[in-house]
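In: model this:
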Amino acid sequence: MSTMTAPAGALRRDATVIGLVGLAHGISHFSQLLLAPLFPWLKDAFAVSYTELGLLMTIFFVVSCAVQALSGFWVDRYGPRPILFAGLALLALAAFGFAASESYAMLAVFSVVAGTGNGVFHPADFTLLNRKVQQSRLGHAFSVHGITGSLGWALAPAMLVPLTLAFSWRVALVAAGGLICAVLGLLWLQRRHLTVDLADAPRPVAGAAPAAAGGDLGFLTIPAVWMCFAFFFFYAVALSGVQAFAPEAARLLHDVPTHLAAVCLTVYMVSAAGGMVVGGFLVSDPARCELVVGVGFGAASLIALVVGFADVPALAVPVLFGAMGFGAGIAGPSRDLLVKRSAPDNATGRVYGVVYSGLDIGQAIAPLVFGSLMDMQRPAQVWLGIAVVQGVLIVSALNVRRVRRTVVVAAA
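Out: Now for the predicted structure:
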């Protein structure tokens with residue numbers, strides 16, 4: 001009886017932690033798209049260009065990058081739970097602030113607030129998963145984490161656009177703030193499941209990097225950490241292009257009706273979530289994670305070229321968005337395991353903070369580039385950029401593998 005109860009209890013505890021962390025991660029991604037789906041309305045309301053709207057996303061992600069690098073140290077020192085709660089509270093404040101904004105400058109100020117809140121999630125989330133979930137379930141934990149992130153991205157346009165059409169963009173943003181507050185309240189009620197004993201050493205993963213010497217900053221000398229940083233930078237550039245401007249670029253290229261273009265991003269994100277379910281099983285063997293990344297992003301890159309340069313019927317565009325999202329989603333859990341296998345056992349929060357700051361830097365730069373292409377009326381070049389960067393991701397993943405193997409062999 002007891003031998004069966006213990007595994008069942010461990011499974012229930014792991015599932016609870018995975019679910020709570022996934023819910024918080026979904027809100028983080030939802031909040032990243034508080035403004036982008038509303039660009040057509042904000043452009044008219046504040047009389048700004050696409051480049052100026054892209055600058056708001058740049059502000060968000062520049063701030064998030066700086067906070068993310070710092071929050072890794074805070075998580076390792078104070079624990080992930082208080083940092084996670086602070087991030088959610090700041091995102092709620094930013095949503096209400098966006099709703100009340102009367103000028104472009106106010107939007108910029110609350111983009112700073114939102115970026116500060118967003119910067120804490122990856123170090124806090126992955127520290128919780130790596131510390132509290134059994135290693136045999138980490139692949140599925142990473143899969144759920146990625147799925148909830150994609151669903152958060154999918155929820156943003158699906159929620160904000162209908163509310164804007166029915167009421168106004170201000171009402172939509174108030175509703176978003178209310179949703180964030182509800183999730184914060186739920187996590188507060190379940191806070192006992194998010195407690196981490198900082199005295200407990202994290203569990204190593206087979207093939208992972210050795211523990212870093214040199215104090216708090218010793219992990220910065222590990223080459224694989226910086227290769228992961230580069231990988232996430234390029235990943236973010238491609239993703240930002242898809243999120244901010246790909247639906248509008250596809251609409252201009254293929255005469256897609258406005259209502260159909262509006263659902264393309266949601267289709268992409270829901271399909272990416274489905275791909276991550278498959279990716280969670282594929283990553284059960286950590287040795288093949290680079291191969292999974294290569295296949296997933298290779299397929300996504302080819303589809304981007306088709307959308308950008310082939311004569312595609314308007315009704316086929318959402319289908320292609322879905323196929324591209326599925327390919328990128330398959331690579332998601334393997335992408336996160338790349339970092340786990342490259343992180344020394346004594347610096348989990350710090351490594352995730354630095355590596356995922358590459359994600360923020362990419363998302364800070366990309367909107368300016370893609371926004372400028374849109375202002376120059378070059379939508380096909382937007383899709384070319386997305387395809388090229390997704391191709392670069394394959395090379396980056398293989399470089400992470402090569403560098404990590406070199407370090408592990410040298411340590412042995």
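In: Show me the shaky parts of this structure.
Out: 1-8, 198-222, 284-287, 336, 338-350, 399-412 (pLDDT under 70).
In: go with 50
Out: The chain contains residues with pLDDT under 50 at 1-4, 204-214, 406-412.
In: residues in contact with stretch 68-86?
Out: Contacting residues not belonging to stretch 68-86 are listed as 24, 117, 119-125, 127-128, 184, 187-188, 191, 194-196, 198, 216, 347-354, 356-357, 359-360 [CB atoms under 8 Å, 6 or more residues apart in numbering]. In this view, the C-beta of every residue, glycine as well, is placed from N, C-alpha and C.
In: ChimeraX command to pick out the buried ones of these?
Out: Selection of buried members from the contacts of stretch 68-86 for ChimeraX, criterion 16 or more other CB atoms under 10 Å:
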select :24,117,119,120,121,122,123,124,125,127,128,184,187,194,196,347,348,349,350,351,352,353,354,356,357,359,360
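In: Now residue 305: closest residue in space, sequence neighbours ignored.
Out: Among residues not flanking residue 305 along the chain, residue 387 sits closest, at 4.7 Å (CB to CB, 6 or more residues apart in numbering).
In: Am I right that the one you found is in contact with residue 310?
Out: No: in terms of CB atoms under 8 Å, residue 387 does not count as a neighbour of residue 310; the distance is 11.9 Å.
In: Looking at the two, which is more packed in?
Out: Neighbours were counted for residue 387 and for residue 310 using other CB atoms under 10 Å; residue 387 has more, 22 against 11.
In: so who does the more buried one touch?
Out: Counting by CB under 8 Å, 6+ apart, residue 387 touches 301-302, 304-305, 308.
In: in which helix or strand would I find it?
Out: Taking DSSP states H and E as the definition, one finds residue 387 inside helix 379-411.
In: which ones among the contacts of stretch 68-86 are found in helices?
Out: 24, 117, 121-125, 127-128, 184, 187-188, 348-354, 356-357, 359-360 (DSSP state H).
In: Now the closest residue to residue 59 other than its chain neighbours. Its backbone dihedrals?
Out: The shortest distance from residue 59 to any non-neighbouring residue, by CB to CB, 6+ apart, is to residue 111 (4.3 Å). Main-chain torsions, residue 111, degrees, to the nearest 10: phi -70, psi -30.
In: before we move on, the earlier item: quick one: the contacts of residue 387 as a markdown table, columns for neighbour count and secondary structure too.
Out: Shown next, in a markdown table, are the contacts of residue 387 (neighbours: other CB atoms under 10 Å; DSSP: H, G, I helix; E, B strand; the rest coil):
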| residue | neighbour count | secondary structure |
| --- | --- | --- |
| 301 | 22 | helix |
| 302 | 15 | helix |
| 304 | 28 | helix |
| 305 | 16 | helix |
| 308 | 21 | helix |
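In: got those as a markdown table, with distance to residue 62 columns?
Out: A markdown table is the format used below for the contacts of residue 387 (distance: CB to CB, whole Å):
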| residue | distance to residue 62 |
| --- | --- |
| 301 | 27 |
| 302 | 32 |
| 304 | 26 |
| 305 | 30 |
| 308 | 28 |
